[in-house]
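Trainee: 3D model of this:
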Amino acid sequence: MKTDDLMRTVRFSPYLRGKGPTFTLRLYYIGLPDNRIGYRLTQHEHGVTSLLFEGDDFRVSPLYAHDSDAAVNHLMTFLTLRPGDTDREYFAKYTPEQLDYCGEHAEALWMEVERRFPEK
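Mentor: Next comes the predicted model:
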């Protein structure tokens, strides 16, 4: 994934200060013709940054700009799924760290996403 084409950085703080991790989502322009964007979601806690998800496989609806609030909302819909939200196979390749994130923080993060970027 090319990281020199950074389009947007969004920081999320779903918890009170000092009560849990913060998260950073970075969106990268991949290019046409297939309307993909790259992304990287990291978790920050106690001075440690952990990479949770990284990819270049997200396709933005042609109705929205690549760096729009709607694009952030739609991408975060997938990055905050938890076991029970969809088929078990979806989580088959998740690492133990990703599964821990899902169980501990995905719901709180999704609530923060919805608060800041509600689907219209």
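Trainee: Please count neighbours and contacts with C-alpha atoms only from this point.
Mentor: Noted.
Trainee: Now do the strands in the chain.
Mentor: 6-12, 22-31, 36-45, 48-59 (DSSP state E).
Trainee: so where is the protein shaky, pLDDT-wise?
Mentor: Counting by pLDDT under 70, the chain shows low-confidence ranges at 1-4, 32-33, 120.
Trainee: do that again at 90, thanks
Mentor: 1-5, 18, 29-36, 57, 60-66, 84, 86, 88, 119-120 (pLDDT under 90).
Trainee: so how far is residue 26 from residue 10?
Mentor: To residue 26, residue 10 is 6 Å away according to C-alpha to C-alpha, to the nearest Å.
Trainee: Check residue 87 too.
Mentor: 27 Å.
Trainee: What of residue 111?
Mentor: 19 Å.
Trainee: These two - which one has more neighbours?
Mentor: residue 26 (19 against 14; other C-alpha atoms under 10 Å).
Trainee: Now do the contacts for residue 6.
Mentor: Neighbouring residues of residue 6 by C-alpha atoms under 8 Å, 6 or more residues apart in numbering: 26-29.
Trainee: Recalculate using a threshold of 10 Å.
Mentor: 26-30, 37-39, 67 (C-alpha atoms under 10 Å, 6 or more residues apart in numbering).
Trainee: for residue 16, same thing?
Mentor: If a contact means C-alpha under 10 Å, 6+ apart, then residue 16 has residue 22 as its contacts.
Trainee: mind redoing it with 6 Å?
Mentor: With C-alpha atoms under 6 Å, 6 or more residues apart in numbering as the criterion, no residue contacts residue 16.
Trainee: Now do stretch 12-29: distance from first to last residue.
Mentor: With C-alpha to C-alpha, one end of stretch 12-29 sits 21 Å from the other.
Trainee: hang on, the earlier thing: which of the strands of the chain sits closest to residue 102?
Mentor: Residue 102 lies closest to strand 48-59 among the strands of the chain, at 10.1 Å (C-alpha to C-alpha).
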